[in-house]
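Chemist: Structure here, sequence nowhere to be found:
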């Protein structure tokens, strides 16, 4: 049985695991005060071209989103996000748990547009009743989005500009950042560091056992951040585990190197599907691929592999999602393609 | 240089790490829906003698405390704890972050007494203004305590009785539970499961990379607990990492077996200290040992080893803490003793 | 200048004010422990046909919504509401401030339908990822709605049935309850008490200086409610002020008697507008009336009276709201009609 | 029966009530956008000597404390207060409800000392583990305190200095501010405005039906405060009710004029008690007086008057509290003194 359910089905990339194994019995101070964490943060700062950035390593994505958003907002502010955004839908109210409303914008293949954002702000501030409403304080975007799509550099720059002109902070959820960067035609890590106020580099889905690296190019945006993270229950006692993994992932470009495999295998699958006449639901350039499938095709394919039913269209048809990762084997994709 | 700062300086016990390594490239579903997590939960239920218990694996201690306490309390309730309790002092307000006050009781070598608890409740409910005050909804205790001390079975039973007679839930923080169980004269894991409403079995400090196993003998106390945990940002995507570690720790009694080493080395150190004339601050039976040390002794010993200054007594004297763990080597303790 | 901005532009109904004046120098215990509060609660219980109901008097509407909803929900639950609901739009995130997401349903002239509610629940629980989402715990409706519309008895019964069959609590915001009850063809206060789990009887907009009376036919739904209200900063020290006002409003049917005036004047205005060729935006049977107006008409009418621009349609046209109240004078309506 | 339970047993001062009555049928915009609220704010600014101050009128004391403290603190900060402070004891966790811990300082007759505050800060920041603890962000004091005592100008200046030198905001709870100002030897309203960052002028206990006036000499400390207050459910729809009352109280010095009566009657009572041999618990200069009374005296006096049992000393003796107010009649005090 082949598995294409999600991109966190395996453990860590072998080099990452090796690093953990090699250092296992070393003794280091806790809470990220160790040399490996320092090494990881330094390498991430360098990759981002932000020598002054605050880098903080957390364990998981929902945790990171809730912790960072709570740090960025004033009590009376909410965060704008696509209605399909992860924080809008699939985080069990973790953002609201810290008292902040998630305000929704229309989504276009998972993305929000600078135009919609500007319209929202115009309408909001023109409403005489706006002081009775949640003030938008930040914009949340994901890159790639929940539909695997990517913002172009132009789109990112436009969003960043609207944010800065209107006093919104821009926060980018990079749970799958590696896959986005290798698939993008024009966006680099340094662009993201330049255009966003805070973002995170996803480890859990791109080679690590777990771990997300928060980057704030201007550290003063996140004062007392260690204490804030602790208050969110998000400090890892053996912080060096995160340090070791990110140090390895950011040595010799491993992070992007392993991300490539996911995108290559995904595009190979997409091409084969299209050639065999299946219809794309969204034309995704990254490691998540969405197709329309008939019920009979679903049943037939499920004998060979697992994948997610994304949504039911009608009694005959559903939208399904196939996900590849750094760990997907070429032979498994070939085998899947043979069964299509 | 020898290190006795804390009990989370190394990675995982070699058997635990081996299990992670052996299974690294296996594909499993996420969020604890995998067979390893099921195995771990089943073994923990068995060890606790609670075939119906809800078992849930979280990542860290503060996270677990904040998540469980928030699940147990009504909005208008607070949690009672020793003034020296971890939630009272060292969790950066994580309990208050979910809206609940930590109400403090006097501590006696880190412990709360059933008498003090009963007095608190009597005084509280006799006060005509009590509806203007935070209603106590649960009692938090740690076992071992922050001072390494242990409740006797009698003491635990008395606390449990006062709680049950007064409608308080009893929650036990077992960050170092293994060290407590092997050091206790009379308390077993089954006693804890019998006397507490919820408790957790600490993995981070006892052989795991990370991980704390929440046990609720009556699952109905924690409805929709997965969603609640997710809302706290505390669900691990690759849940099988926690499952694998606890499955290994609860195979052939590994958890208690490796805990013994910490207690044996700690007691050896304590005996040597006493014989050499150092004064105990607290007579701890577990892996944390507290002594009075002169400034000159501190300086001399710091050439050989690291340890924590717990508190400053005066200009000459401090209270220091030495901590051993499952990983402490006999030769290191012997070397330390030679240097005393 | 005539004023039709809202229904809280005056102080209190003269009889209510008289009661406050007559008792001004009496001494009573605080926090609602006085005889006037008891009298009010008893009269409200009687009017609702709920001799066992918990009745609690709060100061304002947003306060009441936030306090009650927080009391009704488990931490991991959210509250469903029409996207046009007051809690969705105009309470500055007061519900989210206590950690609960407001989940939105489509609105039909301000109302939610039992069908949409059932669809939401079906879709929600069919989604395999639902444990990652906010669990719906209650339904919020307003009566009359923010558009002045009313649920028929059939509609209310259908909503109540879907709620009870699916474990949702039904909470009704009765900020303008009096105006709804006198305008309704078939819904009585006793119906509301029978079909809802908690509701409030609005005083601020219907004759009182301030005050909203929360009614929970089954008091066990709101344990320790005084403490809960206090924690929300919503206990009034001189509680007797609320007691006196509601006692007066529920003596000899004053509450409904004075509500009639608002509906009569509103309907007179609606009829005149229609006769003069203005277009209704919504056909409201209560004291809020919504019309389309051209920019030139707006400018002309604003010389005589104030009213709210509800929404801008385009450069020529807007939707405007005229509101009457218990205090609206017949001669003012007649004068307004003359100016139309 | 005479009543000395508390200082909120009557309605409003007759002049205040008259103002409400005279204006009852006037129509004004809601939410404090009316001319009376502007008048009140202007008069308060003038009385404080702070022409730029933000003044905001809220309904009650606990509400005001919780709302202001939540506005002043960063998420990761707590508020320091005397262990006897109102927010520490009698607000049902309203401060914690917004996620902030109340950190306690020793109390000396209800007051905190600059020395204790400085010691707390020194100890806190010397502790290497302080990033794991709640960062103190503000100091809460009450004036008069819960024991009726007053800070001298020297004491206030010392507290203010320690706060400003250490980056703490100073917030003063003036629920009984009028009584404190008329009783103080040297502290004026302008001193308070000069030394505190935010404070409130209590109306509920000093002549108003309800109402507390928040004053922030530097408005930038409370950005978007209306929205913040709304989010706390603390905006009064008919805001003019608060405006009218404070406008009247700050016309021709009415606020302090009526406060005098409370202090004079309280001091007369204190003197009589002392002369008759009763023992003071605390030597309070304001309208709350605390005495030791034997059980037999308590029973005897309770035939004539009501008062509060503050605390039980032993089976024979209790501490009792007698409270006077702007409304206390000389003849009632004389009658009480006759019965002593």
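Modeler: Received it, and whenever you're ready, just let me know what you need. This one's a predicted model, so the numbers in the text were calculated from it and none came from an experiment. Numbering: from 1, shown residues only, chains lettered A, B, ... in the order given.
Chemist: Return the residues in contact with residue A:140.
Modeler: A:65, A:69, A:79-81, A:85, A:87, A:102, A:171-173 (CB atoms under 8 Å, 6 or more residues apart in numbering or on different chains). Where C-beta positions appear, they are placed from N, C-alpha and C, glycine not excepted.
Chemist: Quick one: classify it as helix, strand or coil.
Modeler: When classified by DSSP: H, G, I helix; E, B strand; the rest coil, residue A:140 comes out as strand.
Chemist: Bridged to it, which residues?
Modeler: residue A:81, residue A:171 (DSSP bridges).
Chemist: Tabulate the contacts of residue A:140 (JSON lines), appending distance to residue A:181.
Modeler: Formatted as JSON lines, those follow (distance: CB to CB, whole Å):
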{"residue": "A:65", "distance to residue A:181": "19"}
{"residue": "A:69", "distance to residue A:181": "23"}
{"residue": "A:79", "distance to residue A:181": "24"}
{"residue": "A:80", "distance to residue A:181": "24"}
{"residue": "A:81", "distance to residue A:181": "21"}
{"residue": "A:85", "distance to residue A:181": "20"}
{"residue": "A:87", "distance to residue A:181": "21"}
{"residue": "A:102", "distance to residue A:181": "26"}
{"residue": "A:171", "distance to residue A:181": "17"}
{"residue": "A:172", "distance to residue A:181": "12"}
{"residue": "A:173", "distance to residue A:181": "14"}
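Chemist: what's the closest of those residues to chain C?
Modeler: When these are ranked by distance to chain C (CB to the nearest CB), residue A:102 comes first, at 7.5 Å.
Chemist: who does the closest one bridge with?
Modeler: Taking DSSP bridges as the rule, residue A:102 bridges to residue A:79.
Chemist: which of the contacts of residue A:140 sit farthest apart?
Modeler: Across the contacts of residue A:140, the longest distance by CB to CB is 15.8 Å; it joins A:102 and A:172.
Chemist: which residue packs closest to the residue of chain A positioned farthest from its centre, ignoring adjacent ones?
Modeler: Using CA atoms, centre = their mean, the residue of chain A lying farthest from its centre is residue A:128. It sits 36.4 Å away. In space, residue A:128 comes closest to residue C:309 once its chain neighbours are excluded; the distance is 7.7 Å by CB to CB, 6 or more residues apart in numbering or on different chains.
Chemist: okay, how far is it across stretch A:271-291, tip to tip?
Modeler: Terminal residues of stretch A:271-291 are spaced 12 Å apart (CA to CA, to the nearest Å).
Chemist: Quick one: check it for contact with chain B.
Modeler: No: counting by CB under 8 Å from any CB of the partner chain, chain B has no neighbours in stretch A:271-291; the shortest distance is 14.7 Å.
Chemist: And that stretch, what's buried?
Modeler: A:272-273, A:278, A:281-282, A:284-291 (16 or more other CB atoms under 10 Å in any protein chain shown).
Chemist: Tell me how many other residues surround residue A:130.
Modeler: Neighbour count of residue A:130, defined by other CB atoms under 10 Å in any protein chain shown: 16.
Chemist: how about it, what does it touch?
Modeler: Taking CB under 8 Å, 6+ apart, we find residue A:130 in contact with residue A:124.
Chemist: Validate this expectation: the residue nearest to residue A:128 resides in a strand.
Modeler: Yes: with three-state DSSP as the criterion, residue C:309 is part of a strand.
Chemist: lowest-pLDDT helix or strand in chain A?
Modeler: strand A:308-312 (a mean of 92; mean pLDDT, DSSP states H and E).
Chemist: what about the helices in chain A?
Modeler: Residue ranges of the helices in chain A, as given by DSSP state H, are A:14-22, A:35-48, A:61-72, A:86-89, A:94-97, A:114-126, A:153-165, A:177-183, A:189-195, A:225-231, A:240-249, A:254-275, A:295-301, A:330-339.
Chemist: near chain D, which residues of chain A show up?
Modeler: Residues of chain A lying near chain D by CB under 8 Å from any CB: A:31, A:70-71, A:74-76, A:98-99, A:131-135, A:223-224, A:226-228, A:230-231.
Chemist: For ChimeraX, what selects the buried ones among these?
Modeler: A single ChimeraX command selects the buried members of the residues of chain A next to chain D (16+ other CB under 10 Å):
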select /A:31,70,71,75,76,98,99,131,132,133,134,135,224,226,227,228,230,231
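Chemist: Pull out whichever of the residues of chain A next to chain D are also neighbours of chain C.
Modeler: With CB under 8 Å from any CB as the criterion, those include A:75-76, A:98-99, A:131-134 near chain C.
Chemist: Just give the number of residues close to the residue in the stretch 151-300 of chain A positioned nearest to chain B.
Modeler: Here the residue of the stretch 151-300 of chain A nearest chain B is residue A:233; by CB to the nearest CB that distance is 3.3 Å. Here the number of neighbours of residue A:233 (other CB under 10 Å) works out to 28.
Chemist: Please list all residues in contact with residue A:55.
Modeler: Residue A:55 neighbours (CB under 8 Å, 6+ apart): A:40-41, A:44-45, A:213-216.
Chemist: re earlier: possible to save the helices of chain A as JSON lines with mean pLDDT?
Modeler: Formatted as JSON lines, these follow (pLDDT from 0 to 100):
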{"stretch": "helix A:14-22", "mean pLDDT": "98"}
{"stretch": "helix A:35-48", "mean pLDDT": "98"}
{"stretch": "helix A:61-72", "mean pLDDT": "98"}
{"stretch": "helix A:86-89", "mean pLDDT": "97"}
{"stretch": "helix A:94-97", "mean pLDDT": "98"}
{"stretch": "helix A:114-126", "mean pLDDT": "97"}
{"stretch": "helix A:153-165", "mean pLDDT": "98"}
{"stretch": "helix A:177-183", "mean pLDDT": "98"}
{"stretch": "helix A:189-195", "mean pLDDT": "98"}
{"stretch": "helix A:225-231", "mean pLDDT": "98"}
{"stretch": "helix A:240-249", "mean pLDDT": "98"}
{"stretch": "helix A:254-275", "mean pLDDT": "98"}
{"stretch": "helix A:295-301", "mean pLDDT": "95"}
{"stretch": "helix A:330-339", "mean pLDDT": "95"}
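Chemist: and the gap between residue A:197 and chain D?
Modeler: 17 Å (CB to the nearest CB, to the nearest Å).
Chemist: what's the closest non-adjacent residue to that residue?
Modeler: residue A:169 (4.4 Å).
Chemist: What of residue A:28?
Modeler: residue A:34 (3.7 Å).
Chemist: Likewise for residue A:241?
Modeler: Counting by CB to CB, 6+ apart, residue A:241 lies nearest to residue B:209, which is 5.8 Å off, once chain neighbours are set aside.
Chemist: And stretch A:186-197, end to end?
Modeler: 20 Å.
Chemist: Okay, buried residues for that stretch please.
Modeler: The neighbour-count check on stretch A:186-197 (16+ other CB under 10 Å) flags A:187, A:189, A:191-193, A:195-197 as buried.
Chemist: Would you mark the buried spots in stretch A:41-60?
Modeler: So stretch A:41-60, judged by 16+ other CB under 10 Å, has buried residues A:41, A:43-45, A:47-48, A:50, A:53-60.
Chemist: The residue nearest to residue A:241 - how many residues pack around it?
Modeler: Residues near residue B:209, counting by other CB under 10 Å, number 26.
Chemist: Do I have it right that it meets residue B:11?
Modeler: Yes: applying CB atoms under 8 Å as the test, residue B:209 and residue B:11 come out as touching, 5.9 Å apart.
Chemist: anything in contact with each of those two?
Modeler: Residues within reach of residue B:209 and of residue B:11 at once, by CB under 8 Å, 6+ apart, are A:20, A:238, A:241, B:17.
Chemist: Double-check the second one against residue B:209; I have them as touching.
Modeler: Think residue A:238. Yes: Residue A:238 lies in contact with residue B:209 (CB under 8 Å); the separation is 6.3 Å.
Chemist: That'll do, ta.
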